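Trainee: just coords:
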């Protein structure tokens, strides 16, 4: 007779929501569609916790040298009346935050300094988000592409289990405080949250094999990038400049 192996599935967002409401003494639900207010509150807290955790920037949601191509162009008139056609770059979907990739044509004489902000020119200034050139105060660039190191925001069900565990615990603690108002129960879970965060950090560092000479915390003080992992020489770059 074959040995019975139970089917254990990776946690879903619904599992995380149910963990919150069960901690508050309510019965779990099979769907959030048309659910009662406490279930909707739990879903909101799970998503807030997910954004908070992912904003840290981990191996599973970061990338190096991501190429952003123009989405269109605009005519820009300078103070002398000269008109220049600029390429416009819109942020890709799910971009949580980014830094400018360190590569030769974005540094040195031309230091690419950009932020995401509503455009004054694109679509008659309807609020379309673009990469804004802070150095020249305009909504576009005379470039065929820009390269960024993005931190992506993924749906809960696309995250590794170790991240889902941390998010669930953070959301559960927030639910106990904000919805149930059981502050003592929330405080008792503080150690669980710390342990889950330590597990995630350990998983990330073990995979990258950081040491005293190749350490993420040290690199953040030295410009935010690991040695030899910037621009065109970054082996994990999705595109990189084509030469």
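Mentor: Now that the structure is in, tell me what you want to look at. From a predicted model like this one, the values you see are computed outputs, not experimental measurements.

Trainee: domain map for the protein?
Mentor: Following automatic domain parsing, one finds the domains of the chain at 13-58+156-220, 61-154+228-233.

Trainee: export those to a markdown table and tack on mean pLDDT and mean neighbour count?
Mentor: Yep, even glycine has a C-beta here, placed from its N, CA and C like the rest. A markdown table is the format used below for the domains of the chain (pLDDT from 0 to 100; neighbours: other Cβ atoms under 10 Å):
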| stretch | mean pLDDT | mean neighbour count |
| --- | --- | --- |
| domain 13-58+156-220 | 89 | 16 |
| domain 61-154+228-233 | 87 | 16 |
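
Trainee: how about the residue nearest to residue 153 when sequence neighbours are not counted, secondary structure?
Mentor: Using Cβ to Cβ, 6 or more residues apart in numbering and skipping the chain neighbours, the partner closest in space to residue 153 is residue 96 (4.2 Å). Assigned state for residue 96: strand (three-state reduction, DSSP: H, G, I helix; E, B strand; the rest coil).

Trainee: state the distance from residue 96 to residue 87.
Mentor: Per Cβ to Cβ, to the nearest Å, residue 96 is found 24 Å from residue 87.

Trainee: please apply the same query to residue 137.
Mentor: From residue 137 to residue 87 the distance is 16 Å (Cβ to Cβ).

Trainee: before we move on, what about residue 196?
Mentor: Here residue 196 is placed at a distance of 43 Å from residue 87 (Cβ to Cβ).

Trainee: same check on residue 199?
Mentor: 44 Å.

Trainee: now the strands for this structure?
Mentor: Ranges of strands within the chain are 66-68, 72-77, 83-88, 95-100, 114-118, 129-133, 146-152, based on DSSP state E.

Trainee: so can I have CSV of the ones you listed showing distance to residue 11?
Mentor: Below are these laid out as CSV (distance: least, Cβ to Cβ, whole Å):
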stretch, distance to residue 11
strand 66-68, 29
strand 72-77, 41
strand 83-88, 40
strand 95-100, 21
strand 114-118, 32
strand 129-133, 32
strand 146-152, 20
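
Trainee: perfect, that will be all.
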